[in-house]
Structure formats: C-alpha cells, structure tokens
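A.B. asks: coordinates only, no sequence provided:
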C-alpha cells in the first residue's frame, strides 16, 4: 500500500506537503482556530495521541502587502494505518463540530 492511500481519508485535499513521517495540512484556518479544534479532539480509546498532532503558523502576504495568519496542522504519521486515518478524520469532524458549537461559528 502506497503512503498516499494510508492517509488519503484525512483531508487529502488539504495536504500541503509530506516530509518523512510528517504530514502538513492547510485547512484555510488561522493557527488559533486549528488549536481550538485540537482542544476538542477526543483521542481516548484510539491509536492516536494528541502528541502526534501540532499546529504551526506563519504570516502570508498578498500583492497589496496585507498580511494574514495561516495555520498548518502537522501530523506525525509514523506507524499509523489507513483505518487510523479514517478514525482521525471522523474524530476531526466531531472536534470541529464541537468547536463551532462552543464558539457559535
């Protein structure tokens, strides 16, 4: 099985880059938004640990010099299976739903 088949179920369209065992996903969210979703992510009784997920951010500039923050979710994919990524996708959707509900997005 090719690596892309393993993690394709977890927002493959958001995949920005891979480097070794790390995936970098861009969700068009600011770093604080991604961090808040991570706070709602429930990894208990799964193979995932919150230590395998982290948020990075950087400033991006448009042609007029305006800046905006870009959030990147960094996922340590080492040792995880396709089923694990299917679980992570389900967990992420639930965490996103809970975050939106709690912050009235």
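C.D. replies: On my side now, so go ahead. All values reported here derive from a predicted model rather than from experimental measurement.
A.B. asks: what sits against residue 60?
C.D. replies: Applying C-beta atoms under 8 Å, 6 or more residues apart in numbering, we find residue 60 in contact with 67-70. For every residue, glycine as well, the C-beta is placed using N, CA and C.
A.B. asks: buried members of these into PyMOL, please.
C.D. replies: For anyone working in PyMOL, the buried entries among those, judged by 16 or more other C-beta atoms under 10 Å, can be selected with:
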select buried, resi 70
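A.B. asks: make CSV from the contacts of residue 60 and add secondary structure to it.
C.D. replies: Formatted as CSV, the entries for those read as follows, by DSSP: H, G, I helix; E, B strand; the rest coil:
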residue, secondary structure
67, strand
68, strand
69, strand
70, strand
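A.B. asks: name the nearest residue to the residue sitting nearest the centre point of the chain, sequence neighbours excluded.
C.D. replies: The geometric centre of the chain, computed from its C-alpha atoms, lies nearest to residue 73 (C-alpha atoms, centre = their mean), at 4.0 Å. Once its chain neighbours are removed from consideration, residue 73 has its nearest residue in residue 25; the separation is 4.5 Å (C-beta to C-beta, 6 or more residues apart in numbering).
A.B. asks: so who does the one you found touch?
C.D. replies: Residue 25 makes contact with 10-11, 14-16, 72-73, 75 under the criterion C-beta under 8 Å, 6+ apart.
A.B. asks: among those residues, find the lowest-pLDDT one for me.
C.D. replies: In terms of pLDDT, residue 16 ranks lowest among those, with 79.
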